[in-house]
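Student: sharing a model that was predicted from the sequence below.
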Amino acid sequence: MEYTTNYALSEPHEHSRNSFFDSLPSAWTLFAFLSLAYITLSVVSYFLILTDTVYVHSMEQKLTAERIEEALAMRSEYWWSLAVLPPILLSIRAAFTAICCSVGVIMIGQDISYGKVFKIALAAEVIFLLAMAVQVGWGLFVLNVYVPEDYTDFAPLSLLQFFDPASLKLWMKHPLRTLNLFEVAYCFVLAYFLKPLLKKRDFMQTLGLVSASYGLGLLLWVVALAFLLLQVS
(Lines give C-alpha, C1' and ligand atoms only; values in the text may rest on other atoms or scores of the structure.)
Protein backbone atom coordinates (compact mmCIF):
# COMPACT_ATOMS: atom_id res chain seq x y z
CA MET A 1 0.00 0.00 0.00
CA GLU A 2 2.83 2.38 0.85
CA TYR A 3 4.47 1.74 -2.53
CA THR A 4 1.21 2.45 -4.34
CA THR A 5 0.66 5.68 -2.40
CA ASN A 6 4.16 7.00 -3.11
CA TYR A 7 3.81 6.18 -6.78
CA ALA A 8 0.47 7.95 -6.95
CA LEU A 9 1.95 11.04 -5.32
CA SER A 10 5.02 11.20 -7.56
CA GLU A 11 3.36 10.36 -10.86
CA PRO A 12 1.59 13.74 -11.42
CA HIS A 13 4.85 15.60 -10.77
CA GLU A 14 6.78 13.41 -13.20
CA HIS A 15 3.96 13.73 -15.72
CA SER A 16 3.99 17.54 -15.51
CA ARG A 17 7.76 17.63 -15.92
CA ASN A 18 7.65 15.44 -19.01
CA SER A 19 4.62 17.25 -20.44
CA PHE A 20 6.34 20.62 -20.17
CA PHE A 21 9.52 19.41 -21.83
CA ASP A 22 7.64 17.54 -24.54
CA SER A 23 5.61 20.67 -25.33
CA LEU A 24 8.78 22.35 -26.61
CA PRO A 25 9.63 21.87 -30.29
CA SER A 26 12.26 19.25 -31.03
CA ALA A 27 15.92 20.23 -30.86
CA TRP A 28 16.23 19.92 -34.63
CA THR A 29 13.20 22.18 -35.17
CA LEU A 30 14.61 24.78 -32.79
CA PHE A 31 18.02 24.58 -34.42
CA ALA A 32 16.58 24.94 -37.93
CA PHE A 33 14.39 27.91 -36.97
CA LEU A 34 17.17 29.72 -35.13
CA SER A 35 19.71 29.07 -37.88
CA LEU A 36 17.34 30.39 -40.55
CA ALA A 37 16.56 33.47 -38.46
CA TYR A 38 20.25 34.20 -37.78
CA ILE A 39 21.10 33.70 -41.46
CA THR A 40 18.31 36.10 -42.47
CA LEU A 41 19.52 38.79 -40.06
CA SER A 42 23.12 38.28 -41.20
CA VAL A 43 22.11 38.70 -44.85
CA VAL A 44 20.18 41.88 -44.04
CA SER A 45 23.19 43.23 -42.15
CA TYR A 46 25.58 42.31 -44.97
CA PHE A 47 23.62 43.80 -47.86
CA LEU A 48 21.78 46.72 -46.24
CA ILE A 49 23.98 47.92 -43.36
CA LEU A 50 27.62 46.87 -43.75
CA THR A 51 27.72 47.58 -47.47
CA ASP A 52 30.79 47.94 -49.67
CA THR A 53 30.48 51.71 -49.37
CA VAL A 54 30.74 51.51 -45.59
CA TYR A 55 33.92 49.45 -45.85
CA VAL A 56 35.38 51.82 -48.44
CA HIS A 57 34.88 54.70 -45.99
CA SER A 58 36.88 52.81 -43.36
CA MET A 59 39.74 51.89 -45.71
CA GLU A 60 40.14 54.86 -48.02
CA GLN A 61 42.49 56.71 -45.67
CA LYS A 62 44.63 53.64 -44.98
CA LEU A 63 44.86 51.63 -48.20
CA THR A 64 45.42 52.26 -51.86
CA ALA A 65 42.60 51.90 -54.37
CA GLU A 66 44.02 48.59 -55.57
CA ARG A 67 44.13 47.13 -52.06
CA ILE A 68 40.59 48.32 -51.40
CA GLU A 69 39.37 46.58 -54.53
CA GLU A 70 41.14 43.39 -53.45
CA ALA A 71 39.52 43.57 -50.01
CA LEU A 72 36.07 44.10 -51.50
CA ALA A 73 36.60 41.25 -53.96
CA MET A 74 37.55 38.93 -51.09
CA ARG A 75 34.51 40.07 -49.14
CA SER A 76 32.17 39.28 -52.02
CA GLU A 77 33.91 35.97 -52.66
CA TYR A 78 33.12 34.68 -49.19
CA TRP A 79 29.53 35.90 -48.91
CA TRP A 80 28.48 32.24 -48.65
CA SER A 81 29.84 32.21 -45.11
CA LEU A 82 26.63 34.01 -44.12
CA ALA A 83 24.86 30.67 -44.51
CA VAL A 84 27.57 28.63 -42.77
CA LEU A 85 28.79 30.59 -39.78
CA PRO A 86 25.45 31.24 -37.97
CA PRO A 87 24.58 27.51 -37.53
CA ILE A 88 28.16 26.77 -36.43
CA LEU A 89 28.22 29.59 -33.89
CA LEU A 90 24.75 28.60 -32.68
CA SER A 91 25.91 25.02 -32.13
CA ILE A 92 28.99 26.14 -30.20
CA ARG A 93 27.06 28.56 -28.01
CA ALA A 94 24.28 26.08 -27.19
CA ALA A 95 26.82 23.32 -26.52
CA PHE A 96 28.80 25.63 -24.21
CA THR A 97 25.66 26.53 -22.25
CA ALA A 98 24.55 22.89 -22.06
CA ILE A 99 27.94 21.76 -20.77
CA CYS A 100 28.00 24.45 -18.08
CA CYS A 101 24.45 23.72 -16.91
CA SER A 102 24.98 19.94 -17.05
CA VAL A 103 27.98 20.29 -14.75
CA GLY A 104 25.83 22.31 -12.36
CA VAL A 105 23.08 19.68 -12.44
CA ILE A 106 25.60 16.94 -11.69
CA MET A 107 27.06 18.98 -8.81
CA ILE A 108 23.67 19.08 -7.05
CA GLY A 109 23.30 15.32 -7.45
CA GLN A 110 20.57 15.23 -10.09
CA ASP A 111 20.45 13.46 -13.41
CA ILE A 112 19.28 15.18 -16.60
CA SER A 113 20.53 14.03 -19.97
CA TYR A 114 22.82 16.35 -21.92
CA GLY A 115 20.39 16.22 -24.86
CA LYS A 116 17.60 17.72 -22.77
CA VAL A 117 19.83 20.50 -21.45
CA PHE A 118 21.04 21.21 -24.99
CA LYS A 119 17.41 21.51 -26.13
CA ILE A 120 16.72 23.96 -23.31
CA ALA A 121 19.77 26.00 -24.30
CA LEU A 122 18.42 26.20 -27.85
CA ALA A 123 14.98 27.26 -26.61
CA ALA A 124 16.51 30.06 -24.52
CA GLU A 125 18.57 31.19 -27.52
CA VAL A 126 15.55 33.24 -28.65
CA ILE A 127 16.81 35.93 -26.26
CA PHE A 128 20.05 36.38 -28.24
CA LEU A 129 18.08 36.25 -31.48
CA LEU A 130 16.01 39.14 -30.16
CA ALA A 131 19.21 41.02 -29.27
CA MET A 132 20.52 40.62 -32.82
CA ALA A 133 17.16 41.67 -34.27
CA VAL A 134 17.27 44.85 -32.17
CA GLN A 135 20.80 45.60 -33.37
CA VAL A 136 19.89 45.03 -37.03
CA GLY A 137 16.70 47.08 -36.73
CA TRP A 138 18.60 49.90 -35.04
CA GLY A 139 21.26 49.77 -37.72
CA LEU A 140 18.65 49.96 -40.47
CA PHE A 141 16.42 52.72 -39.15
CA VAL A 142 18.28 54.69 -36.47
CA LEU A 143 22.07 54.49 -36.72
CA ASN A 144 23.99 56.50 -39.27
CA VAL A 145 26.46 53.79 -40.29
CA TYR A 146 29.37 55.50 -42.03
CA VAL A 147 32.11 53.02 -41.02
CA PRO A 148 31.69 49.43 -39.73
CA GLU A 149 32.47 50.45 -36.15
CA ASP A 150 29.34 52.59 -36.07
CA TYR A 151 27.38 49.35 -36.24
CA THR A 152 29.64 46.75 -34.62
CA ASP A 153 30.24 48.93 -31.55
CA PHE A 154 26.50 49.24 -30.96
CA ALA A 155 25.56 46.67 -28.32
CA PRO A 156 22.00 47.34 -27.11
CA LEU A 157 21.39 47.36 -23.34
CA SER A 158 25.07 46.68 -22.55
CA LEU A 159 27.67 48.50 -20.46
CA LEU A 160 29.50 49.37 -23.68
CA GLN A 161 26.85 52.00 -24.39
CA PHE A 162 28.02 53.97 -21.34
CA PHE A 163 31.50 54.43 -22.82
CA ASP A 164 32.98 55.92 -25.95
CA PRO A 165 33.95 52.80 -27.96
CA ALA A 166 36.53 54.81 -29.93
CA SER A 167 38.48 55.43 -26.74
CA LEU A 168 38.54 51.76 -25.67
CA LYS A 169 41.03 49.07 -26.56
CA LEU A 170 39.72 46.05 -28.43
CA TRP A 171 40.20 43.74 -25.43
CA MET A 172 38.07 46.03 -23.28
CA LYS A 173 35.09 46.12 -25.62
CA HIS A 174 34.17 42.43 -25.42
CA PRO A 175 33.63 42.26 -21.62
CA LEU A 176 31.59 45.48 -21.70
CA ARG A 177 29.54 44.18 -24.64
CA THR A 178 28.92 40.85 -22.87
CA LEU A 179 27.63 42.50 -19.70
CA ASN A 180 24.13 43.30 -20.92
CA LEU A 181 20.50 42.82 -19.96
CA PHE A 182 20.01 40.19 -22.63
CA GLU A 183 22.48 37.92 -20.80
CA VAL A 184 20.49 38.46 -17.61
CA ALA A 185 17.25 37.61 -19.43
CA TYR A 186 18.95 34.54 -20.92
CA CYS A 187 19.77 33.24 -17.43
CA PHE A 188 16.17 33.77 -16.31
CA VAL A 189 14.79 31.92 -19.34
CA LEU A 190 17.27 29.07 -18.86
CA ALA A 191 16.17 28.75 -15.25
CA TYR A 192 12.49 28.85 -16.27
CA PHE A 193 12.92 26.02 -18.78
CA LEU A 194 15.25 24.00 -16.55
CA LYS A 195 13.16 24.16 -13.36
CA PRO A 196 10.49 21.58 -14.41
CA LEU A 197 13.23 18.99 -14.99
CA LEU A 198 14.76 19.43 -11.53
CA LYS A 199 13.44 17.71 -8.43
CA LYS A 200 12.63 19.76 -5.33
CA ARG A 201 14.09 22.99 -6.71
CA ASP A 202 12.14 26.23 -6.88
CA PHE A 203 12.77 28.94 -9.47
CA MET A 204 15.21 30.98 -7.38
CA GLN A 205 17.26 27.88 -6.57
CA THR A 206 17.32 26.98 -10.27
CA LEU A 207 18.32 30.54 -11.15
CA GLY A 208 21.15 30.27 -8.65
CA LEU A 209 22.26 27.03 -10.28
CA VAL A 210 22.25 28.63 -13.74
CA SER A 211 24.08 31.71 -12.48
CA ALA A 212 26.74 29.64 -10.76
CA SER A 213 27.31 27.22 -13.66
CA TYR A 214 26.66 29.18 -16.85
CA GLY A 215 27.70 32.45 -15.21
CA LEU A 216 31.06 31.04 -14.14
CA GLY A 217 31.64 29.51 -17.56
CA LEU A 218 30.80 32.81 -19.24
CA LEU A 219 33.15 34.68 -16.92
CA LEU A 220 36.02 32.32 -17.73
CA TRP A 221 35.31 32.67 -21.46
CA VAL A 222 35.23 36.49 -21.28
CA VAL A 223 38.49 36.62 -19.32
CA ALA A 224 40.19 34.17 -21.68
CA LEU A 225 39.08 36.06 -24.80
CA ALA A 226 40.03 39.43 -23.32
CA PHE A 227 43.48 38.06 -22.49
CA LEU A 228 43.86 36.70 -26.04
CA LEU A 229 42.81 40.02 -27.58
CA LEU A 230 45.22 41.84 -25.27
CA GLN A 231 48.09 39.68 -26.46
CA VAL A 232 47.13 40.15 -30.11
CA SER A 233 46.82 43.91 -29.79
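Tutor: The structure has been received and is ready for your questions. Numbers count the residues shown, from 1 in each chain.

Student: Arg201 in helix, strand or coil?
Tutor: coil (DSSP: H, G, I helix; E, B strand; the rest coil).

Student: and the pLDDT at the closest residue to it other than its chain neighbours?
Tutor: Of all residues not flanking Arg201 in the chain, Lys195 sits nearest, at 6.5 Å (C-beta to C-beta, 6 or more residues apart in numbering). The way it works is simple: take the backbone N, C-alpha and C, and place the C-beta from them, glycine included. Here the pLDDT value assigned to Lys195 is 93.

Student: in this structure, where is pLDDT below threshold?
Tutor: 1-20, 233 (pLDDT under 70).

Student: tell me which residue lies nearest the centroid of it.
Tutor: The geometric centre of the chain, computed from its C-alpha atoms, lies nearest to Phe128 (C-alpha atoms, centre = their mean), at 4.7 Å.

Student: isn't the residue nearest to Arg201 right next to Phe203, touching?
Tutor: Yes. Under the criterion of C-beta atoms under 8 Å, Lys195 makes contact with Phe203 at 5.5 Å.

Student: these two: which has the busier surroundings?
Tutor: More crowded of Lys195 and Phe203, by other C-beta atoms under 10 Å: Lys195, with 19 against 12.

Student: would that one count as being in a helix?
Tutor: Yes. Under three-state DSSP, Lys195 sits within a helix.

Student: that one and Leu209, how far apart?
Tutor: Distance of Lys195 to Leu209, given as C-beta to C-beta, to the nearest Å: 9 Å.

Student: so what sits against both of those two?
Tutor: Each of Arg201 lies in contact with both Lys195 and Leu209 under the rule C-beta atoms under 8 Å, 6 or more residues apart in numbering.

Student: residues touching the residue nearest to the centre of the chain, list them.
Tutor: Per C-beta under 8 Å, 6+ apart, neighbours of Phe128: 93, 182, 186.
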